[in-house]
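# Fold the following, please.
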Amino acid sequence: MKTLKLVLFALAFSAGSLVHATPGNSPETSDSFKKEIQNLLKNIELDIEEEVVANLVVSFNEKNEMQVLYVGTEHIPAGKLIKKHLNHKKIKTVLDPSIKKYKLPIRLKP
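As a prediction, this is how the structure comes out:
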C-alpha cells in the first residue's frame with residue numbers, strides 16, 4: 001500500500017512539474033517582444049558596478065499596456081527603476097491573448 005501511494009505521489013509530482021515547465025509564449029512573438037523590452041530599457045539611467053539580473057513577470061490589459069507584476073532582483077534600486085520604465089507602457093507586438101503572464105529575464109550591464 002505504501003508503495004502504491006509513493007508511485008501515485010511521484011506520478012502526480014512529475015505531471016505537475018511538466019505542466020509548470022511548458023513554455024509561456026511562442027518563439028515568434030518572444031523575439032520581437034524581447035527587442036521591444038530591450039528598447040524600452042535602453043536609456044535607463046542606473047549607476048551600477050556589475051551586471052544586474054532581474055526576472056520580470058508582466059501581464060497586459062485590454063489596451064495592450066504592460067502591467068509589471070513582479071521584478072525579482074537582489075538590486076532593489078534597479079528593480080524599482082525597471083518597474084518605473086516598463087509599467088503601463090504600450091507595446092506594438094501582438095501577443096497571444098490566451099497567455100495571461102509573460103516571464104522573461106533581464107540583464108542590465110554597467
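# Any chance you could give me the top strand by length along the chain in CSV, C-alpha atoms only?
In the chain, with assignment by DSSP state E, the single longest strand is strand 52-60. Output in CSV follows, covering the C-alpha atoms of strand 52-60 (Å, rounded to 0.1, in the frame of the first residue of the first chain):
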residue,chain,number,x,y,z
VAL,A,52,22.3,43.1,-12.6
VAL,A,53,20.0,40.2,-13.4
ALA,A,54,16.2,40.5,-12.9
ASN,A,55,13.3,38.2,-13.5
LEU,A,56,10.4,40.1,-14.9
VAL,A,57,6.7,39.0,-14.8
VAL,A,58,4.2,41.1,-16.8
SER,A,59,0.7,40.9,-17.9
PHE,A,60,-1.3,43.0,-20.4
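# Give the rounded mean pLDDT of that strand.
The average of the pLDDT scores along strand 52-60 is 93.
# Three-state assignment for residue 74, please.
Following DSSP: H, G, I helix; E, B strand; the rest coil, the label given to residue 74 is coil.
# Give me the neighbour count for it.
Residue 74 has 9 neighbours, counted by other Cβ atoms under 10 Å. From N, CA and C alone the C-beta is placed, and that goes for glycine too.
# ok so, going back, which residues sit against the longest strand of the chain?
If you take Cβ atoms under 8 Å, 6 or more residues apart in numbering as the criterion, strand 52-60 is touched by 37, 46, 66-73, 75, 78-79, 82, 86, 91, 95, 100-108.
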